[in-house]
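Trainee: Got a sequence here, can you model it:
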Amino acid sequence: MEGTVFVPALEGMKHVKSEGGEMLTKEFLEVCKQIMPVIDKFGAAMALVKSDIGGNITRLENKYLTSPSEFNLLYNMVRVEVEAKTAKGSSSCTNGLLWLTRAMDFLLELFRNLLEHEDWTMPQACADSYQKTLKKWHGWLASSTFSLAMKLAPDRKKFMDVICGTGDINADIEKFCTNFTPLLEENHKFLASVGLDDLKAS
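Mentor: Numbering: from 1, shown residues only. Below you'll find the predicted structure:
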């Protein structure tokens, strides 16, 4: 593999904004998809996160495909649902974008932990990231299931070796976190502006 597993996502991030500086649907979802191979390397520990991310990407993609010109900009999907008063529904694209963004927050926090705490085990890094991001939005059942899954996290060194490829993994993780964080913050900011950034899991 040329470079690390982060290379495609780093490349994709250069194209997520329109000339007017707005988030593009297809391109943003592409970057999220390019993180999937990294999640795969976690094995069973991330099965829940992976299916959650995959489901939300598919939901948003299907909506985009119904009218690529109308939904070329990511937030147009939310605007349409807000007007139709369907944004809070559990199967809405607004809900899909919110949970996709939260799952990405969790992964970014996890990557940061792996960079900053070299002495932490993988389950430790996962648990801390979960506490800081997803936990407050999850009900008891989701929280218990998640915490149990984290115990299946792979050995840290093996994981880092696998995702490293031929590149500088620490530099790429840092670049990924630096460039992706503002995009996720923008999603939260927009969702908050329409009063939909604090929905909890049912």
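Trainee: Next up, the contacts around Lys63.
Mentor: If you count contacts by CB atoms under 8 Å, 6 or more residues apart in numbering, Lys63 has them with Phe71, Met77, Cys93. For glycine as for every other residue, the C-beta is placed from the backbone atoms N, C-alpha and C.
Trainee: How confident was the prediction at the last one?
Mentor: Looking back up the chat, that one is Cys93. Residue-level confidence at Cys93 comes out at 97, pLDDT.
Trainee: so it makes contact with Arg79?
Mentor: No. Taking contacts as CB atoms under 8 Å, Cys93 lies outside contact range of Arg79: 10.4 Å.
Trainee: When the two are compared, which one has more neighbours?
Mentor: When Cys93 is set against Arg79 and neighbours are counted by other CB atoms under 10 Å, the residue ahead is Cys93, at 26 against 14.
Trainee: Tell me how far that one lies from Thr178.
Mentor: With distances taken as CB to CB, to the nearest Å, Cys93 is found 28 Å from Thr178.
Trainee: same question, Asp155
Mentor: When distances are taken as CB to CB, Asp155 and Thr178 turn out to be 27 Å apart.
Trainee: now do Ala171
Mentor: 11 Å.
Trainee: try Leu148
Mentor: 32 Å.
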